[in-house]
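>>> Sequence below, structure please.
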Amino acid sequence: MRSHFPTEWLTALPYVGGRTLNVPDRAAVADPADRGTPVGAVALAGREVADAAAQAARAAFPAWRDLSATRRGDLLLAAADAVQAQAPLLAELLAREAGKVLHDARGDVLGSLAMLRSFVQLVRDLEQPENLAGRPGTGQADVVRVRHVPVGPAAVIGPWNTPVFLTFNGVAPSLASGCTVVVKPAAEAPLALTALLRLMAELLPAGVLNVVPGRGSVVGQALVEHPAIRAVMFTGGTETGRRIQAAAAGTVKKVALELGGNDPAIVLADARLDDRTITELVAGSFGMSGQICFNIKRIYVHRSRCDEFVERFTAAASRIVVGAPLDPDAHIGPMTTPDGYANAQRLIREAQDAGAVVRTVGVRAASARWDEGNYVAPTVVTDIARDAELVLEEQFAPIIPIIPFDTEDEVIAEANRTEFGLASSVWSSDLAHAEAVAARIEAGNTYLNAHRLGASVPLVPFGGIKQSGLGRTHGMHSLEHCTELHAIVGFSDASAQLPGIEQWSSITDHLSSDAAATEAPTGEPAQEPTEEEVTA
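As a prediction, the model looks like this:
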């Protein structure tokens, strides 16, 4: 590893309650570009460290919650500025451990800081309770206010493919809204995220931001089950998401899950197949070596345009440069994990064995040590059965099947056939027609003439349906995971303002008459007791 990285960045250690904890049990963080050379090491913390982090977050929560949004925001902005100064180095470390090209790694780091700043401003705008007094449905109440209050300590369990940005989908709204946080980084790519979070945590009150690296089955499980944790935000695989939801039920906590996807792109007969459209589709299919949750995973093309599309798409994909993560000319790097690499090779081999046409394309850059890294060339698959695994399951690799269709009813049925429903896209020169088709797709998001990073604009909710998850991110939708609504309703005279008290009036009628009986008649002063009455 290059010496210009701070030594403490090269081992992901727990940071709990303002202190670094030394955990002796560690695992290597493999270099996706050179499997024989580790990038660093990750501590494999146990349940006791997860418990300590949850307790630290619980202890720090009241003071952090009670800060004004302005003061809390000032602390977070100062922490973001400190990270910004280290962003180039953090991005380089992230590129090395995750295998993503430097351009993507920079976006991962800088995008997370931009997200944090946006939530600071959003929470400041929400600091004043919503005043509903006088509106229909509030009766004659004098005070009707609704507050957004932080739910409590939150656990954020991040993924390995976009470890910083996607983890900040939970970290940023939670911290800004007043929650304290415990982060469990992915063991496959924990270094840059852990270093970044520690830089921030050192500038915040102790216990507000904690990091516990380790195995999901140990640390993740402990956090999800912990009674001090009141919300869990997870990004990752569907099977793990199911286990998290089940484990969280025991303590009735809020759970947000962004899970897998098998996103279809539907190219209609009237779609423009010019260079810009093809470029968009190639970028949406192969970006980050296909390891983006809402990448295009399968393309359906109207049969009248399919041959033309395959020719142009394949020609464009043939110019994708596959290189080392720090190669400035590379479009994509190696796959992050050996398991992902092995699965990609299996899918390609099985497609070939089943008789599909498999085209391996792309340019192998001299920087790529092809035999020593997790490199998979862009692969275009045609003439494949519609029920093949590559079509019905998420491949999470730079392999794209292209399937012809004849009617819109047919392609809608195929698009909705799987249990995934994260994102999708419709491509047409007629936006109104494309929108009508999009309305029939079962997905959390459908894009028209786009389908890549950036298409999910910040104002709209992002998330999946069916087996692709629960909840939504972006703006107020993110805040729903880490806040609760607190209604305050007040009356100056409830008996006069609220109906239904009449049947209860008799229980206090005698109190008024008894009180009146002990009072002196109006206008006559009460007499002092006699001596005999006092001694009696």
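>>> Distance from the chain centre to stretch 342-355, please.
31 Å (Cα atoms, centre = their mean, to the nearest Å).
>>> can you pull the buried residues of it?
Judged by neighbour count using 16 or more other Cβ atoms under 10 Å, the buried positions of stretch 342-355 are N343, A344, L347, I348, A351. The C-beta positions use only the backbone N, C-alpha and C, and glycine is treated the same way.
>>> Serialize those to a markdown table and add fields for pLDDT and secondary structure.
Shown next, in a markdown table, are those (pLDDT from 0 to 100; DSSP: H, G, I helix; E, B strand; the rest coil):
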| residue | pLDDT | secondary structure |
| --- | --- | --- |
| N343 | 98 | helix |
| A344 | 98 | helix |
| L347 | 98 | helix |
| I348 | 98 | helix |
| A351 | 98 | helix |
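>>> Which of these sits closest to G463?
Distance to G463 across those (Cβ to Cβ) is lowest for N343, with 25.1 Å.
>>> Tell me the spacing between the closest one and Q291.
From N343 across to Q291, the span is 11 Å (Cβ to Cβ, to the nearest Å).
>>> got the contact list for the lengthiest strand in the chain?
As assigned by DSSP state E, the longest strand anywhere in the chain is strand 34-43. Contacting residues not belonging to strand 34-43 are listed as 1, 9-14, 23, 25-31, 93, 96-97, 185, 187, 190-191, 213-214, 338, 369, 372-374 [Cβ atoms under 8 Å, 6 or more residues apart in numbering].
>>> outside of the next helix or strand after it, which residues touch it?
Using DSSP states H and E, the helix or strand that follows strand 34-43 in sequence is helix 47-66. Here helix 47-66 makes contact (Cβ under 8 Å, 6+ apart) with 14, 16-18, 21, 23, 72, 149-150, 152-155, 178-182, 184, 205-208, 210-212, 214, 218-219, 221-223, 226, 228-229.
>>> returning to that earlier point: show me the contacts of strand 34-43 that map onto helices.
Judged by DSSP state H, helices contain the following of these: L93, R96, E97, L191, P338.
>>> So among those, which ones count as buried?
With burial judged by 16+ other Cβ under 10 Å, the buried subset of the ones in helices among the contacts of strand 34-43 is L93, R96, E97, L191.
>>> Excluding sequence neighbours, find me the nearest residue to the spatially most central residue of the chain.
With distances taken as Cα atoms, centre = their mean, the residue of the chain nearest its centroid is N169 (4.3 Å). Residue nearest to N169 in three dimensions, not counting chain neighbours: T473, with 4.9 Å by Cβ to Cβ, 6 or more residues apart in numbering.
>>> can you pull the contacts of that neighbour?
Residues in contact with T473 (Cβ under 8 Å, 6+ apart) are N169, A256, E258, P461, F462, G463, H481.
>>> Just put the ones in helices among the contacts of strand 34-43 in JSON lines and tack on distance to I299 and pLDDT.
Shown next, in JSON lines, are the ones in helices among the contacts of strand 34-43 (distance: Cβ to Cβ, whole Å; pLDDT from 0 to 100):
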{"residue": "L93", "distance to I299": "34", "pLDDT": "98"}
{"residue": "R96", "distance to I299": "32", "pLDDT": "97"}
{"residue": "E97", "distance to I299": "31", "pLDDT": "98"}
{"residue": "L191", "distance to I299": "35", "pLDDT": "98"}
{"residue": "P338", "distance to I299": "28", "pLDDT": "96"}
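>>> Please confirm that G355 is located within a helix.
No: using DSSP: H, G, I helix; E, B strand; the rest coil, the secondary structure at G355 is coil, not a helix.
>>> Model confidence for the residue nearest to it when sequence neighbours are not counted, exactly?
Nearest in space to G355, with sequence neighbours left out and distances taken as Cβ to Cβ, 6+ apart, is D383 at 7.1 Å. The model reports D383 with a pLDDT of 98.
>>> Surely D383 and V357 touch.
Yes: using Cβ atoms under 8 Å, D383 is in contact with V357, at 4.6 Å.
>>> Go through the ones in helices among the contacts of strand 34-43 and say which is closest to V109.
L93 (9.4 Å).
>>> can you tell me how far A79 sits from A172?
In this view, A79 and A172 are 11 Å apart by Cβ to Cβ.
>>> repeat for G463
Distance from G463 to A172, counting by Cβ to Cβ: 16 Å.
>>> swap in S505?
53 Å.
>>> Which of the two has more residues huddled nearby?
Comparing S505 with A172 by other Cβ atoms under 10 Å, the one with more neighbours is A172, at 29 against 9.
>>> Tell me the secondary structure at that one.
Three-state call for A172 (three-state DSSP): helix.
>>> quick one: contacts for it?
Counting by Cβ under 8 Å, 6+ apart, A172 makes contact with S112, M115, L116, S118, F119, S478.
>>> The residue lying closest to the first one once chain neighbours are set aside: neighbouring residues, count only.
I take that to be S112. In this structure, S112 finds its nearest non-sequential neighbour in F168, 3.9 Å apart by Cβ to Cβ, 6+ apart. F168 has 28 neighbours, counted by other Cβ under 10 Å.
>>> Next: the one 10 residues further on.
The local packing count at G178 equals 24, with neighbours defined by other Cβ under 10 Å.
>>> related to what we said a few turns ago, state whether the residue nearest to S112 is indeed within a strand.
No: F168: not assigned to a strand; according to three-state DSSP it is helix.
>>> Tell me where the stretch 351-500 of the chain has helices.
Applying DSSP state H, counting those that start in this stretch to the stretch 351-500 of the chain gives helices spanning 389-392, 408-415, 431-438, 475-482, 494-497.
>>> Check what pLDDT H510 gets.
For H510, the model assigns a pLDDT of 74.
>>> do the one 4 residues further on as well
According to the per-residue confidence, D514 scores 63 in pLDDT.
>>> Ok, L390 next?
If you check L390, the pLDDT there is 98.
>>> right, and it touches T382 too?
No: using Cβ under 8 Å, L390 makes no contact with T382, being 11.3 Å away.
>>> what sits in contact with each of those two?
P401.
>>> Looking at those two, which is more packed in?
Neighbour count, other Cβ under 10 Å: between L390 and T382, L390 has more, with 24 against 21.
>>> Enumerate every residue touching that one.
Taking Cβ under 8 Å, 6+ apart as the test, what L390 contacts is L347, E350, A351, V381, I384, I399, P401.
>>> can you put those residues in CSV and add distance to Q128?
As requested, those are exported to CSV (distance: Cβ to Cβ, whole Å):
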residue, distance to Q128
L347, 53
E350, 58
A351, 58
V381, 55
I384, 56
I399, 51
P401, 52
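>>> which one among these gets closest to A269?
Nearest to A269 among the contacts of L390, counting by Cβ to Cβ, is P401 at 19.7 Å.
>>> Contacts only, for the nearest residue to the closest one once chain neighbours are set aside.
Nearest residue to P401, sequence neighbours excluded (Cβ to Cβ, 6+ apart): V381, at 4.5 Å. Listed by Cβ under 8 Å, 6+ apart, the contact partners of V381 are I348, A351, A356, V357, V358, R359, L390, I399, I400, P401, I402.
>>> so where's this structure uncertain?
Residue ranges of the chain with pLDDT under 70: 1-3, 512-536.
>>> so which helix or strand takes in the closest residue to R117 other than its chain neighbours?
The shortest distance from R117 to any non-neighbouring residue, by Cβ to Cβ, 6+ apart, is to A80 (6.0 Å). Per DSSP H and E, A80 falls inside helix 69-98.
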